[in-house]
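Colleague: Starting from these lines, generate the structure:
(4 chains)
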There are 2 protein chains.
Amino acid sequence: MHAQRRVLQAIETDFKKAGLPPLGWYDVLWELVQAEGGRLRPFEIEASTLLAQYNLSRLIDRLEGQGLVRREAFDDDGRGRWVVVTSEGSAMRARMWQVYSRSIDAHVGAKLAGDEAQELARLLGKLR
Amino acid sequence: MHAQRRVLQAIETDFKKAGLPPLGWYDVLWELVQAEGGRLRPFEIEASTLLAQYNLSRLIDRLEGQGLVRREAFDDDGRGRWVVVTSEGSAMRARMWQVYSRSIDAHVGAKLAGDEAQELARLLGKLR
DNA sequence: CCTTCATACATGCAATTGCATCTACATTGA
DNA sequence: TCAATGTAGATGCAATTGCATGTATGAAGG
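Modeller: Numbers count the residues shown, from 1 in each chain, chains lettered A, B, ... in the order given. As a prediction, this is how the structure comes out:
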């Protein structure tokens, strides 16, 4: 818990210094950029980011408000929606990655020797 | 990040099911119970829990509202305060530990084999 | 069909968090 | 002594989160 708080705070601080939105935005944009056609259903994003349904719903509101994604109808099921990254969203993800990758490096990579990162990832993987 | 969210959510869920307050309360009560005389200065709690100053200030409000701690004057420095656990606070910590310990066991211990927990702790320790 | 139950997503409202700033007291150095 | 600066903690206000529930649609059974 402490390790996570420290690393997260350090990363968020880096984002703020760079004038970028919070880390949560990155996770959603990343999932979308990865996805076929740059689009996913909210419940899919929910599953991969572990965001609560209502939090994701509002995060999408904010992303949409900034023009980084847009919602589209999902015709096969009237209840569903598509969330689609815009080119602005894609560009923002890339811009965030510039900061994020350095940040991960500084606050995680630099503190672990050799194959320790692999081992840490393996152990944490067992907790999910 | 994912591993932490999963574990934290699982623990918070256990707390809620047991009708207990959030995990953050435990951290503060624990620090106080450990401390000499059951009392600490807010800035000391802040350092050991990694809570933001304003968040701790308000968490203490809530703890005080429930009678789990009380604030006392700190005579050597007019700016300072003592935060003191009450016997109710101490009892609450013990009650929370009943749930917490099982929760840690179930969501962390049970998922790691042999000395993996040690190794995980060592690696995470390097991140702080 | 139509009732009942389930699923996808949104939203009103209360609680918590973050940010900026405030108050009160302490320390330093002319 | 006193102005300037620093530290401990509190707090107003906006943003975010959590909880409960709402709306709309789909699926299943009689």
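Colleague: So what's the gap between the helix or strand that contains residue A:123 and the chain middle?
Modeller: Here residue A:123 sits within helix A:116-125, counting by DSSP states H and E. Relative to its parent chain, helix A:116-125 has a centroid offset of 20 Å by CA atoms, centre = their mean, to the nearest Å.
Colleague: between that helix and helix B:116-125, how big is the angle?
Modeller: Angle, helix A:116-125 to helix B:116-125, by axes from the mean of the first three to the mean of the last three CA atoms, to 10 degrees: 120 degrees.
Colleague: Check which helices and strands helix A:116-125 sits against.
Modeller: Applying 3 or more CB pairs under 8 Å, 6 or more residues apart in numbering or on different chains; DSSP states H and E, we find helix A:116-125 packed against helix B:2-17, helix B:116-125. Every residue, glycine included, has its C-beta placed from N, CA and C.
Colleague: Helices along chain A, start to end?
Modeller: Remark: helices assigned in chain A by DSSP state H are A:2-17, A:23-34, A:42-49, A:53-65, A:87-107, A:116-125.
Colleague: which one of those is the most hemmed in?
Modeller: For the helices of chain A, average neighbour numbers computed from mean count of other CB atoms under 10 Å in any protein chain shown are highest in helix A:23-34, which has a mean of 19.
Colleague: Which residues of chain A lie near chain B?
Modeller: For chain A, the residues found near chain B under the criterion CB under 8 Å from any CB of the partner chain are A:1-9, A:50, A:107-108, A:111-112, A:116, A:119-120, A:123-128.
Colleague: tell me the contacts of the residue positioned nearest the centre of chain A?
Modeller: In chain A, the residue lying closest to the centroid (CA atoms, centre = their mean) is residue A:27, at 0.6 Å. Residue A:27 is in contact with A:49, A:51, counting by CB atoms under 8 Å, 6 or more residues apart in numbering or on different chains.
Colleague: who in chain A is up against DNA strand D?
Modeller: A:22, A:24, A:52, A:54-55, A:58-59, A:62, A:77-79 (CB under 7 Å from any atom of the strand).
Colleague: try 6 Å this time
Modeller: Applying CB under 6 Å from any atom of the strand, we find that chain A lies next to DNA strand D at A:24, A:52, A:54-55, A:58-59, A:62, A:77-79.
Colleague: how about those residues, which pair is most distant?
Modeller: Longest distance between any two of the residues of chain A next to DNA strand D is 28.4 Å, between A:24 and A:78; criterion CB to CB.
Colleague: Residue A:53 contacts residue A:44, doesn't it?
Modeller: No. Between residue A:53 and residue A:44 there is no contact under CB atoms under 8 Å: 11.9 Å.
Colleague: Find the residues that touch each one of these two.
Modeller: What both residue A:53 and residue A:44 touch, as defined by CB under 8 Å, 6+ apart, is an empty set.
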